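Could you work out the structure for the sequence below:
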Amino acid sequence: MPSPNEILVELKKIKYPGFTRDIVSFAIVKDIEVAYAGVTVSITMASASPEVVEKIVADVKAAVAAMPGVPAVNVQVEQAAPSAPRAAAGIAQPRTIAGVKHIVAVASGKGGVGKSTVAVNLALAMHALGWRVGLMDADVYGPSVAMMVGVEKAVTLTPERRIIPLERYGIRYISMALFINDETAVIWRGPMVTKLETEFLFNVEWGELDCLVLDLPPGTGDAQLTITQRVALDGGVIVTTPQELALLDVKRGVAMFEEVHVPVLGVVENMSYYVCRKCNHRHEIFGHGGGAALARSLNVPFLGELPLVRELREGGDNASPIVAANPAHPVSAAFKSMASQVIEGLDRSEAQHAS
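Modelled structure (predicted):
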């Protein structure tokens with residue numbers, strides 16, 4: 001019979017569904033009992049869906065049963081308070097940022113869906129609706145916010161060595177791109193990325209903001225989890241495109257926010273359709289309606305769809321985001337509608353917590 005430590009080593013090979021981290025690092029495994037009749041593994045699940053629990057139980061049984069000398073495997077599932085896994089794992093409670101009222105993360109399960117375009121224009125739309133907004137580019141390896149918003153001067157520091165964010169179009173922003181040139185490749189390991197992200201969150205003079213929008217890296221790996229666990233998020237917005245492959249990644253994004261107990265404020269379907277300028281016919285190049293259907297199935301709000309338009313792409317390339325450069329454009333109106341729904345979601349969540 002294997003020892004509990006040997007079994008724990010095998011359990012570290014099991015990934016939490018939709019994540020790159022294993023179930024042991026999530027502090028799901030609470031106890032391992034080795035007896036003559038077999039092995040009993042006790043796991044604690046806080047808020048996972050029944051499908052996720054079923055998958056983890058099956059993976060644990062398969063992994064332990066494959067070990068030499070194990071006659072039988074029993075997995076006991078306990079329901080814990082939401083804070084239990086975080087406390088058991090030794091993870092500090094998420095911190096707030098002084099002066100910042102709300103923090104919203106914009107995420108995507110995969111790259112290439114226009115997440116940064118949505119994050120930038122959503123932030124500008126919230127500002128257009130009267131909110132004081134900041135924008136943090138959390139994508140260290142592929143920062144793009146600075147290019148989309150534009151750089152008019154160098155970043156400076158306060159006498160206390162705190163970073164002063166740049167300001168353009170009425171929003172304050174910070175990005176890794178402000179500290180490197182266009183040809184520099186960022187080849188960093190995880191701890192260095194985590195340190196920089198922490199600096200951007202807690203060592204920037206954000207001032208008084210109604211909302212700080214975080215443009216997360218694509219995916220649901222360690223970098224994303226570090227941010228969502230380290231800072232007190234008020235909500236998440238997930239960006240997708242209509243293709244089936246992208247829609248599958250929405251489920252991972254929703255699971256990521258659920259794992260850290262952050263409400264999903266909504267799903268945005270980008271590149272939803274294209275309207276021909278000559279015939280005015282609507283072409284659904286990547287399919288259509290999948291984002292709305294999936295949002296309904298996951299019981300999260302659908303914020304709306306964005307078409308493929310040249311002005312949206314050109315605005316990002318030329319540091320003239322469409323919401324700021326052309327407020328009357330239909331796409332700008334779509335972003336303002338999304339921003340209004342996000343604001344309503346934040347206000348509703350705040351009211352629920354107050355009561």
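
Show me where this structure dips below the pLDDT cut-off.
Within the chain, the stretches with pLDDT under 70 are 46-48, 79-92, 141, 180-194, 220-223, 244-248, 286-287, 352-355.

max-length helix in it?
If you go by DSSP state H, the chain has its longest helix at helix 330-354.

which residues are in contact with it?
Here helix 330-354 makes contact (Cβ atoms under 8 Å, 6 or more residues apart in numbering) with 102, 104, 121-122, 124-126, 128-129, 131, 211, 234-235, 237, 263, 265-266, 268, 301, 303-307, 309, 311-312, 322-323, 326. For every residue, glycine as well, the C-beta is placed using N, CA and C.

Would you map the helices across this structure?
4-11, 50-65, 84-88, 115-128, 145-149, 190-202, 222-230, 244-259, 290-297, 310-317, 322-325, 330-354.

Output the ones you listed in a markdown table; the columns should cover mean neighbour count and distance to Glu167.
Output for these, formatted as a markdown table (neighbours: other Cβ atoms under 10 Å; distance: least, Cβ to Cβ, whole Å):
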| stretch | mean neighbour count | distance to Glu167 |
| --- | --- | --- |
| helix 4-11 | 15 | 49 |
| helix 50-65 | 16 | 42 |
| helix 84-88 | 17 | 35 |
| helix 115-128 | 27 | 11 |
| helix 145-149 | 23 | 10 |
| helix 190-202 | 16 | 15 |
| helix 222-230 | 20 | 23 |
| helix 244-259 | 21 | 29 |
| helix 290-297 | 18 | 33 |
| helix 310-317 | 16 | 18 |
| helix 322-325 | 22 | 13 |
| helix 330-354 | 17 | 19 |
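
closest to Val275 out of the ones you listed?
Of all the helices of the chain, helix 330-354 sits nearest to Val275, with 9.7 Å by Cβ to Cβ.

can you give me the angle the closest one makes with helix 310-317?
If you take axes from the mean of the first three to the mean of the last three Cα atoms, to 10 degrees, helix 330-354 sits at 70 degrees to helix 310-317.

From the chain's centroid, how far away is helix 330-354?
Put simply, helix 330-354 sits 17 Å off its chain's centre (Cα atoms, centre = their mean, to the nearest Å).

one step back: how much does the longest helix of the chain deviate in direction from helix 115-128?
Angle, helix 330-354 to helix 115-128, by the same axes, to 10 degrees: 70 degrees.

thinking again about what came up before, for the helices of the chain, which one sits closest to Val75?
Closest approach to Val75 among the helices of the chain (Cβ to Cβ): helix 50-65, 4.8 Å.

Kindly calculate the angle that the closest one makes with helix 4-11.
Interaxial angle, helix 50-65 versus helix 4-11 (the same axes, to 10 degrees): 130 degrees.

got the contact list for helix 50-65?
The contact list for helix 50-65 (Cβ under 8 Å, 6+ apart) reads 7, 10-11, 13-14, 16-17, 23, 28, 39, 41, 43, 45, 48, 70, 73, 75, 77, 255.

run the last query once more with 7 Å
Outside helix 50-65, the residues within contact range by Cβ atoms under 7 Å, 6 or more residues apart in numbering are 7, 10-11, 13-14, 17, 23, 39, 41, 43, 45, 70, 73, 75, 77.

Convert the C-alpha atoms of that helix to PDB, please.
These are the backbone C-alpha positions of helix 50-65, laid out as PDB (Å, rounded to 0.1, in the frame of the first residue of the first chain):
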ATOM      1  CA  PRO A  50     -21.700  19.300  -9.900                       C
ATOM      2  CA  GLU A  51     -19.900  18.600 -13.200                       C
ATOM      3  CA  VAL A  52     -16.600  19.800 -11.800                       C
ATOM      4  CA  VAL A  53     -17.000  17.800  -8.600                       C
ATOM      5  CA  GLU A  54     -17.800  14.700 -10.600                       C
ATOM      6  CA  LYS A  55     -14.800  15.200 -12.800                       C
ATOM      7  CA  ILE A  56     -12.400  15.600  -9.800                       C
ATOM      8  CA  VAL A  57     -13.800  12.600  -8.000                       C
ATOM      9  CA  ALA A  58     -13.400  10.500 -11.100                       C
ATOM     10  CA  ASP A  59      -9.800  11.700 -11.600                       C
ATOM     11  CA  VAL A  60      -8.900  11.100  -8.000                       C
ATOM     12  CA  LYS A  61     -10.300   7.500  -8.100                       C
ATOM     13  CA  ALA A  62      -8.500   6.800 -11.300                       C
ATOM     14  CA  ALA A  63      -5.100   8.200 -10.100                       C
ATOM     15  CA  VAL A  64      -5.100   6.400  -6.800                       C
ATOM     16  CA  ALA A  65      -6.500   3.100  -8.200                       C
END
